[in-house]
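Peer 1: got a predicted structure plus its sequence, pasted below:
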Amino acid sequence: MVQRHRARRLHYDFRLEIDGVLVSWAVPKGPTLDPGVRRAAFHVEDHPLDYFDFEGVIPSDQYGGGDVIVWDAGTWAPPADKATDPGRAVADGELHLDIHGEKLRGRFVLVRTRTDASGKEEWLLLHKRDEDAVAGWDAEDHPRSVLSGRTNDEVKADPDRLWRSDEPASRASVPLKFAPAAAGELDALDALGAGGTWSIFGRDLAVTNLDKVLFDAREGEPPVTKRDLLRYAVQVAPTVLPYLAGRPMNLHRYPNGTRSRGFWQKALPDHAPDWVPRWENPDAGDGETRTYLVVGEPAALVWATNFGGIEWHAWTSRAEDPRHPTYALIDLDPGDTTGWPDLLDLARLHRAAFEHLGVRAVPKVTGRRGIQIWVPVAPGPTFDETRAWVENLSTAVGAVLPDLVSWKWKRSDRSGRARLDYTQNALNKTLVAPYSPRPAAGAPVSAPIDWAELDDPELRPDGFTIRTLPDRLAARGDLFADVLGSDQALPPLV
């Protein structure tokens, strides 16, 4: 496959599957069918096979930042008259290959010409004089993707996916568009009556009490049933999954609906199906939770929702490294005398601070009364360090509007003022996950927003619900995706 890649400079990434990876060359002017032209090619690092069909954007602050299309794809093989082990041929510096792509066809040769002192290999890519050769053929005359038919400009303006270069390949590709479940699966849910066995995301779930009301109605709307909640979980599960995968879960359960008092469930119950992903905490002491749910696939989130998990809370560290967070969290919690406009002022001050510091951060409304801001963090800092950083930042912000802010823990001690809460930056403490429902009338959602929406007079902390969020996700994409990169070091605050 060949990707047309606009990073610092336009180039074409020429990739061949060899020995389970994509062996790759950067070809600045692109491959050609013209046998009279030799193209410079630079051998670069192998890429994972997961990258084979990637088309979208790579964030500008990451390796290869820019926009990418799949410019050509097909199959290749060593010529019968030059049969050799391809990996050995690359190591030896000369690879002959027959390509059967949608744009590139015929016999090509890659030849290493030199290796500089740093080990960077320079090669030549050329087309042999055969029946597929075309004089004057230029890649730039054929600019569209063979997957989507779109150009780089069109993909950049409306990308479907984002690639996180700093993440393992299995979770590097992040969907930016709403990915609906198959209509037949949702139709099957509606056809179940009060309950039954439902096949979703390749798993069979026993669902019950589908017509039970879990959320009171908002004015002008019907109440929200368990069936409605499961439908929502299915609709957003592919988008939510990157924020939950690999992280122990704390569920806020309301099995009898949100009129009743909810309770926290940390331990995975013994009756959970065998396929449900889990994590055994090796550091659990006597009386502490040992086995946690880990939502490693979309069906696991639907199972948790069917189990009464109305609120989804994932740890801010991963199970593989539980003592080092990947997010720093800021929770803007209003007081009784601080109104929504006051809270927006505090959020805008944080926005200005992040712009000044050059820090990537993403806001979301909580679905209740407040605003949260998540800051992606490169592995390294402890919870004590991220908590201290957030405390220092919030102290500086709070000093601008001291009459609005209290640092008291108890709400009754705050004299109605807002709290800038940094204490959630601790092991096994959580904030509600993006897209999670909240236990209030109409089933509001903790919805990601972009920073510009802080200036929208229509914005409300509980303005998005499980009935409206899927359309927003389809129209706007995943506005929270920027927290998925874990390459950011927190700058010192002086």
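Peer 2: Okay, I see it.
Peer 1: who's L329 bridged to?
Peer 2: W374 (DSSP bridges).
Peer 1: what's near enough to touch it?
Peer 2: L329 makes contacts with 316, 372-375, 386, 390, 422, 424-425, 431, as judged by CB atoms under 8 Å, 6 or more residues apart in numbering. C-beta here means a position set from N, CA and C on the backbone, and glycine is covered the same way.
Peer 1: wait, which of the residues you listed is closest to V494?
Peer 2: V494 lies nearest to V390 out of the contacts of L329, by CB to CB, at 15.7 Å.
Peer 1: buried residues, whatever helix or strand that closest one lives in. List them.
Peer 2: Element membership of V390 [criterion: DSSP states H and E] is helix 383-400. By 16 or more other CB atoms under 10 Å, the buried positions in helix 383-400 come out as 383, 385-391, 393-394, 397-398.
Peer 1: tell me where this structure has helices.
Peer 2: For the chain, the helices defined by DSSP state H occupy 86-92, 152-157, 169-172, 183-190, 226-244, 298-306, 340-357, 383-400, 469-476.
Peer 1: in JSON lines: the ones you listed, plus distance to I200 and mean pLDDT.
Peer 2: Listed next are these as JSON lines, based on distance: least, CB to CB, whole Å; pLDDT from 0 to 100:
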{"stretch": "helix 86-92", "distance to I200": "41", "mean pLDDT": "94"}
{"stretch": "helix 152-157", "distance to I200": "31", "mean pLDDT": "90"}
{"stretch": "helix 169-172", "distance to I200": "21", "mean pLDDT": "74"}
{"stretch": "helix 183-190", "distance to I200": "5", "mean pLDDT": "86"}
{"stretch": "helix 226-244", "distance to I200": "6", "mean pLDDT": "93"}
{"stretch": "helix 298-306", "distance to I200": "6", "mean pLDDT": "94"}
{"stretch": "helix 340-357", "distance to I200": "37", "mean pLDDT": "91"}
{"stretch": "helix 383-400", "distance to I200": "36", "mean pLDDT": "89"}
{"stretch": "helix 469-476", "distance to I200": "16", "mean pLDDT": "89"}
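Peer 1: of all those, which one is nearest H127?
Peer 2: Short answer: helix 86-92, nearest of the helices of the chain by CB to CB, at 17.6 Å.
Peer 1: test of understanding: give the bridge partners of A314.
Peer 2: Beta-bridge partners, per DSSP bridges, of A314: M249.
Peer 1: re the thing from before, what two of the contacts of L329 have the greatest distance between them?
Peer 2: Comparing every pair within the contacts of L329 by CB to CB identifies Q372 and T386 as the most remote, at 14.5 Å.
Peer 1: in the stretch 201-350 of the chain, which ranges drop under the pLDDT threshold?
Peer 2: Across the stretch 201-350 of the chain, nothing is flagged by pLDDT under 70.
Peer 1: for G367, see how far away R114 is.
Peer 2: 59 Å (CB to CB, to the nearest Å).
Peer 1: okay, these two: which has more neighbours?
Peer 2: Each of R114 and G367 has its neighbours counted (other CB atoms under 10 Å); G367 has more, 26 against 9.
Peer 1: who are the contact partners of that one?
Peer 2: 432, 436-438, 440, 444-447, 461-462, 464.
Peer 1: now do 7 Å
Peer 2: Counting by CB atoms under 7 Å, 6 or more residues apart in numbering, G367 touches 438, 444-447, 461-462.
Peer 1: and what of R247?
Peer 2: 294, 314-315, 318-319.
Peer 1: same check on V400?
Peer 2: By CB under 7 Å, 6+ apart, the contact list for V400 reads L349.
Peer 1: just to revisit the earlier point, wait, which of the contacts of G367 is closest to H142?
Peer 2: Nearest to H142 out of these is A447 (CB to CB; 41.1 Å).
Peer 1: isn't the closest one up against T366?
Peer 2: No: with contact defined as CB atoms under 7 Å, A447 does not reach T366; the gap is 8.9 Å.
Peer 1: return stretch 223-242 as CSV; C-alpha atoms alone will do.
Peer 2: These are the backbone C-alpha positions of stretch 223-242, laid out as CSV (Å, rounded to 0.1, in the frame of the first residue of the first chain):
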residue,chain,number,x,y,z
PRO,A,223,-39.3,8.9,30.5
VAL,A,224,-36.2,7.0,29.7
THR,A,225,-36.4,3.2,29.9
LYS,A,226,-33.7,0.5,30.2
ARG,A,227,-34.2,-0.2,26.6
ASP,A,228,-33.4,3.4,25.7
LEU,A,229,-30.3,3.3,27.8
LEU,A,230,-29.0,0.1,26.3
ARG,A,231,-29.7,1.5,22.8
TYR,A,232,-27.5,4.5,23.7
ALA,A,233,-24.8,2.4,25.1
VAL,A,234,-24.6,0.5,21.8
GLN,A,235,-24.6,3.7,19.8
VAL,A,236,-21.7,5.2,21.6
ALA,A,237,-19.7,2.2,22.7
PRO,A,238,-17.2,2.3,19.8
THR,A,239,-16.5,5.9,20.5
VAL,A,240,-16.2,5.5,24.3
LEU,A,241,-14.0,2.4,24.1
PRO,A,242,-10.6,4.2,23.8
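Peer 1: got the contact list for that stretch?
Peer 2: By CB under 7 Å, 6+ apart, stretch 223-242 touches 171, 174-175, 178-181, 185-186, 189, 200, 207, 209-217, 295, 298, 301-302, 305-306, 433-435, 437, 442-443, 466, 470, 473, 478, 484.
Peer 1: can I get the buried part of those residues as one ChimeraX selection?
Peer 2: In ChimeraX, this line selects whichever of these come out buried by 16+ other CB under 10 Å:
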select :174,175,178,179,181,186,189,200,207,209,210,212,213,214,215,295,298,301,302,305,306,433,434,435,437,442,443,466,470,473,478,484
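Peer 1: narrow the contacts of stretch 223-242 to those in strands?
Peer 2: Judged by DSSP state E, the subset of these located in strands is 174-175, 200, 207, 213-215.
Peer 1: hmm, back to that, can the contacts of R247 go into a markdown table with extra columns for distance to G262?
Peer 2: Supplementary listing: these in a markdown table, determined by distance: CB to CB, whole Å:
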| residue | distance to G262 |
| --- | --- |
| V294 | 21 |
| A314 | 17 |
| W315 | 19 |
| R318 | 26 |
| A319 | 25 |
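Peer 1: who's in contact with the closest residue to P248 other than its chain neighbours?
Peer 2: Leaving aside its chain neighbours, P248 sits nearest to Y292 (3.7 Å; criterion: CB to CB, 6 or more residues apart in numbering). By CB under 7 Å, 6+ apart, the residues touching Y292 are 248-249, 266, 268, 278-279, 281.
Peer 1: hmm, 10 Å instead?
Peer 2: Going by CB atoms under 10 Å, 6 or more residues apart in numbering, Y292 touches 247-251, 266-268, 277-281, 284, 314-315, 319, 428.
Peer 1: who wins on neighbours among the contacts of L329?
Peer 2: Using other CB under 10 Å as the neighbour test, the contacts of L329 are led by N425, with 28 neighbours.
Peer 1: contacting residues around it?
Peer 2: Contacts of N425 (CB under 10 Å, 6+ apart): 316, 325, 327-331, 375, 377, 381-391, 431.
Peer 1: and the gap between it and P379?
Peer 2: For N425 relative to P379 (CB to CB), the value is 15 Å.
Peer 1: contacts only, for V23.
Peer 2: For V23, counting by CB under 10 Å, 6+ apart, the contacting residues are 14-17, 43-47, 86-87, 90, 95, 110.
Peer 1: go again using 6 Å as the cut-off
Peer 2: Contacts for V23 (CB atoms under 6 Å, 6 or more residues apart in numbering) come out as 16, 46.
Peer 1: can we start the residue count at 13 from this point?
Peer 2: With 13 as the first residue, the last one maps to V35.
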